[in-house]
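Chemist: when you get a sec, could you give me coordinates for this:
(3 chains)
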Amino acid sequence: MAEIIELIVRFIVALVIALAVIHVSGLVFPFLLRRLWGFMGDRLGPNRVGPQGIFQPIADGIKLFTKEDITPARSNRWLFLLAPAIAFTTPMLVQVVIPFSESYTIADLNIGLLYLVAIGAFAVLGMLVGGWASNNKYSLVGGLRAAAQMISYEIPLLLTIIVVALLAGSLSLDSVVAAQEGVWFILVQPMSFLVFIIAGVAELNRTPFDLPEAESELVSGYMTEYSGMRFAFFYGLIEWGNVTVWALTASTLFLGGWRGPFISGPAWLVIKVCIFAFLIIWFFSTFPRLQVDQLMTFAWKILIPLSLVNLTVTAFFIVLMPDNYLWPIAIFSWVIMIAFVLLMPIVVKRLLLKKRLYTRLTDYGPWVISRTASMRSQYYRGNSKQTSD
Amino acid sequence: MTVRPRIKTDRPYFHLEEMVLNMGPQHPSMHGVLRLVLRLNGELVIDVDPALGYLHRGFEKLAENRTYYQYLSMLSRCDYLSGIFMEWAYVRAVEDLMEIEVPERAEYLRVIAGELNRIASHQISIGDFLLNLGTWTPFFWTFRDREDILDLLEMLTGQRMMYNYMRVGGVKEDLPDGFESACRSFLRTFPKMVDQYEQLVTDNEIFLTRTLGIGVYEPDEAVDYGLTGPNLRGSGVAWDLRKAEGYSVYPKLDFEVPVGRHGDCYDRYKCRIEEFRQSVRIIEQALDGLPGGPVNVKTPPMLRPPAGEIYRAVESPRGEWGNYLVSNGGLRPYRLKLRDPSYVAISTLPRILPGNNIADVIAIAGSLDPIMGAVDR
Amino acid sequence: MAVAREELTAEAALERVEELAGEHIESIAIEEGGRLLIRLAGKELPIVCRAIRDDAELSFKYLVYVTATDFEDRIEAVYFLRSINHQLTADLRVDLDRERPTLPSVSSIWRTACWHERETYDFFGIIYTGHPELNRILTGVKGGVHPLRKDEQPHRVRRQEWKWDKASPPLRLPGEPDRKTRS
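Modeler: Below is the predicted model of the structure:
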């Protein structure tokens, strides 16, 4: 009986903490985004509600939660209502395996990394369902973009996670943190860290990979039709909850989790999460957006081969010198990362200039307006008949 | 159907169901109320049908029912980002029809106001274009600097956007006190700001992938389509009315006309960036060489140009903005045709967009810099 | 400078036009600013246009605008051309019957003419034969109303009295049925 009560208490505590993490990040990070974004754009940002505007997210939250919740006509009503709930599960469930401190992990699964990947891949479902159920073409395109993008970037993410598992010798996240007692994995495997960051930003649909919700192209992508509370769910809680759990995962895998000098425990984790959130905001303010085909090319032609090579060489060193493999791996990884960072812009520019040369020489066909009769009558506003008057 | 071979569509698995996407008139990056009916195959555009007229106010008809001065105050509402040029072309037409000699000081003031307005217009153009590509900060930076120009123009004309500064035979009034020093301090800081924009985006690999080789106009094609302004010069055709026609006091000023080579989005963007610097040069020289004298000549309150017809154009930020004016000797224009460069730029979209994907539609439309107020008139 | 600017005077251009298409045009003159004013009949338009565009010496490759003016007894169609190489301008004028104005389309000669002709059709009701998609572009008005014709007046303006304006022409053609204004 006591065990059952303990289980229930633990469950409630875990639930409260998980919800708190998501809600706090959903309140704090959008506000930080707006202030920092304003700072970078030489503006003030919201600074009216409370000192320095810190109550702005609360005001926004009240506004959004009291707004009318509109379900578009001819949408798939139940899926439309269900989509935010589906998407909400990912940031909740990922937190199950994250070690928050020395003593607090909700469940230290021995397949923790596998669980992480599986739940992480679940995130696309909410967007796809939401985009499809909205019965809006922008939403549909956004949802499909999300699906294609997240499936593609899942692979390099997975490959880097395998590298971490190899280094730690375990799939449990507690063991991963324990293995980083001496040296953080970011120093051993900077290449994996870089790929994890890039693929993670793509997984989270943040700039420069924010194609599923590209507001200048697709209005708001998969969440165009959402309003009120459901929009708040998608925009605030789920997006930033995902950012937070991704940052938690990245800190756990590469930055020693809750470990840190001077103080130890959740405080360090909070600092690390804030660093990642700042990175996301920085990208958001400064980068243009990639295009769909360029995005796919980047994943399949660059990131996946690179992480495969990285993984192979890491495994090779671990098998070859089981006692002292950290140094060779670190040297290899640093070299490949620096080469990647230095060479990538040069190669990209060369390829682009070549392409430009090609487009210059393309043969342009004769000018033809081909539009079927149905197209003309159906979609042309105004008088379509040529000589009626 | 001409589809550019960027994405191969002849593969058997590529034949998806076609979708018609109605982009605009309410869309974040459609520059007002442009509506494009896109026929899509996946993300690939196969056909475009621009539908115009959502901002049609009948400017040409209204001209026939207003006196010459009544109509002048309307014109800056037409292309609301470069109102000085709207008025300039109109007063040039009226002046040349009435054979009014404009004082030189007035011409210098027109050049100063016009080039300030050109910078302000290009600020919006570049900011919007980069916002279309998905980057936010340059948009705010350009708007921050545009604010300084609008302050200067407010000093000069009394208005931030709808200027009504030109008069037939001169300008409204002389420079206000403190304008010259304010303008010079702006001209000192502004080139640094342009360098900042460039540092932020011009060499960014993502920006380059989005713009290089996208939306290419061959020189012949661009001329055939009647493109003007930076859109034409981006294609490598060195054509600028300020040089070619040499109206106003432009022949006395030393400046260069930036010309691109490849005719893609990047070249058009670079042309606009360079025009910032050239405009700064022009304003500096105009301030240095500002002669004394009156700023306008006395004209009757009711203008009555002799019967005749005339076409006068100015190089507005978007290209050749022209007015074809027919007078029958009455108090009102008998016919006024407004030749708008954005209208021409939009007319190329059915040709240039098929074969690109949705993201490129936004990039190309943004790089052409249409203003729907002037397109629909 | 990508385009070479050779000197070709307006007089030489006039001679060249007469040489190329002398039998197709009605009159040619040099107006102020060196502008060539060419008057011709509608059916000759494509021949003349193609001739002066394709001629290497003239190369009027740039069509600035197409428009028309309603002179109440006739409609005058206007084509304004530019030669970028020589900084020459030319004005083609065609007088049209006001009841049923018809012109051959030049949109196969200059691509930009396509939309200019659509606009002119929309405003004046000139029907361009051979145009690929001649339909309303700006106004979207239905029922044969072409707003820039002189007999179409905005309702509000038609009611107004412009007492100090005596020289302007009447807003309505005499004998034109007066449409009931909306109150």
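Chemist: in chain C, which residue is most central in space?
Modeler: residue C:78 (2.0 Å; Cα atoms, centre = their mean).
Chemist: surely it is in a strand?
Modeler: Yes - with DSSP: H, G, I helix; E, B strand; the rest coil as the criterion, residue C:78 is part of a strand.
Chemist: what about the helices in the stretch 51-200 of chain B?
Modeler: B:59-63, B:68-75, B:83-98, B:104-132, B:137-157, B:179-197 (DSSP state H, counting those that start in this stretch).
Chemist: look up the closest residue to the residue nearest to the centre of chain C, ignoring the ones flanking it.
Modeler: residue C:67 (5.1 Å; Cβ to Cβ, 6 or more residues apart in numbering or on different chains). From N, CA and C alone the C-beta is placed, and that goes for glycine too.
Chemist: for the one you found, give me the pLDDT.
Modeler: The model reports residue C:67 with a pLDDT of 90.
Chemist: residues near it, how many?
Modeler: Per other Cβ atoms under 10 Å in any protein chain shown, the neighbour tally for residue C:67 reads 26.
Chemist: from chain A, how far out is it?
Modeler: 20 Å (Cβ to the nearest Cβ, to the nearest Å).
Chemist: contacts for the helix or strand encompassing that residue, please.
Modeler: Applying DSSP states H and E as the criterion places residue C:67 in strand C:62-70. The contact list for strand C:62-70, computed with Cβ atoms under 8 Å, 6 or more residues apart in numbering or on different chains, reads B:223, B:226, B:309, B:313, B:320, B:322, B:324, B:326, B:334-335, B:337, B:339, C:75-84, C:89, C:96, C:98, C:101, C:106, C:110, C:112-113, C:116-117, C:119-120, C:123-124, C:126, C:148-150.
Chemist: swap the cut-off to 7 Å and go again
Modeler: Outside strand C:62-70, the residues that touch it by Cβ atoms under 7 Å, 6 or more residues apart in numbering or on different chains are B:223, B:226, B:320, B:322, B:324, B:326, B:335, B:337, B:339, C:75-82, C:84, C:110, C:112-113, C:116-117, C:120, C:124, C:126, C:148-150.
Chemist: for ChimeraX, write a command that selects the buried ones of the residues you listed.
Modeler: Of these, the buried ones go into a single ChimeraX selection, burial set by 16 or more other Cβ atoms under 10 Å in any protein chain shown:
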select /B:223,226,320,322,324,326,335,337,339 /C:75,76,77,78,79,80,81,82,84,110,112,113,116,117,120,124,126,148,149,150
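Chemist: inside helices: which ones of the contacts of strand C:62-70?
Modeler: B:223, C:113, C:116, C:117, C:120, C:124 (DSSP state H).
Chemist: okay, now residue 119: neighbour count?
Modeler: In the absence of a named chain, chain A is used. Neighbour tally, residue A:119, other Cβ under 10 Å: 19.
Chemist: not what I meant, chain B
Modeler: Residue B:119, neighbours per other Cβ under 10 Å, totals 28.
Chemist: hmm, residue B:276 and it touching each other?
Modeler: Yes - look at residue B:119 against residue B:276 with Cβ atoms under 7 Å: they come within range, at 5.9 Å.
Chemist: if we can go back for a sec, want to throw the helices of the stretch 51-200 of chain B into TSV with mean pLDDT and distance to chain C?
Modeler: Converted to TSV, those look like this (pLDDT from 0 to 100; distance: least, Cβ to the nearest Cβ, whole Å):
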stretch	mean pLDDT	distance to chain C
helix B:59-63	87	6
helix B:68-75	87	11
helix B:83-98	90	8
helix B:104-132	91	18
helix B:137-157	90	28
helix B:179-197	90	24
